[in-house]
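# next input, structure requested:
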Amino acid sequence: MRIDKEHTMSEAVYSVSGMTCGHCESAVTKEVTAIPGVTSVTAVAQTGLVTVASAAPLDDEAVRAAVDEAGYDLVGRA
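I've put the predicted structure just below:
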């Protein structure tokens, strides 16, 4: 049986304030990647957007806690 990854993945885009450089992107990426089920994270300081792919939809509060741990503020879903 073949599993279509497009239909088993979830993607969400969040707006994060306070990111200004590559170090910021790395810090947010590291913390959000640690959330169980997360398969990839792309943080872009220039736009303040963080795209998170996961095996299942994530709890926004888990993402908020990870972003907070990195030292930034989750504004909400973009």
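# could you look up the SS state of the residue nearest to the spatial centre of the chain?
In the chain, the residue lying closest to the centroid (C-alpha atoms, centre = their mean) is V52, at 3.8 Å. Of the three states, V52 takes strand under DSSP: H, G, I helix; E, B strand; the rest coil.
# how near is it to A12?
According to C-beta to C-beta, to the nearest Å, V52 and A12 sit 5 Å apart. Every residue, glycine included, has its C-beta placed from N, CA and C.
# now for these two: what residues contact both?
Both V52 and A12 are in contact with 58, 63, where contact means C-beta atoms under 8 Å, 6 or more residues apart in numbering.
# let me see the ranges of the helices in the protein.
For the chain, the helices defined by DSSP state H cover 5-8, 22-33, 60-70.
# now render the ones you listed as CSV, adding distance to A78.
Formatted as CSV, the helices of the chain follow (distance: least, C-beta to C-beta, whole Å):
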stretch, distance to A78
helix 5-8, 21
helix 22-33, 14
helix 60-70, 12
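# comparing the ones you listed, which gets the lowest mean pLDDT score?
The minimum mean pLDDT among the helices of the chain belongs to helix 5-8 (a mean of 50).
# so what would you say the end-to-end distance of stretch 19-39 is?
21 Å (C-alpha to C-alpha, to the nearest Å).
# outside of it, which residues touch it?
Under the contact criterion C-beta under 8 Å, 6+ apart, stretch 19-39 has outside partners 9, 16, 18, 40-45, 48, 50, 52-56, 58, 62-63, 66-67, 69-72.
# again, only using 6 Å
With C-beta atoms under 6 Å, 6 or more residues apart in numbering as the test, stretch 19-39 has contacts from 41, 43, 45, 48, 50, 52-56, 62, 66-67, 69-70, 72.
# for those residues, work out which two are farthest apart.
A45 and A56 (27.4 Å; C-beta to C-beta).
# so for these two, which sits in the more crowded spot?
A45 (19 against 10; other C-beta atoms under 10 Å).
# list the beta-bridge partners for the residue nearest to the centre of the chain.
For V52, the beta-bridge partners are A12, V41 (DSSP bridges).
# list the single closest residue to E11 in space, sequence neighbours excluded.
Closest residue to E11 apart from its sequence neighbours, by C-beta to C-beta, 6 or more residues apart in numbering: A53 at 4.9 Å.
# kind regards, and thank you for your time.
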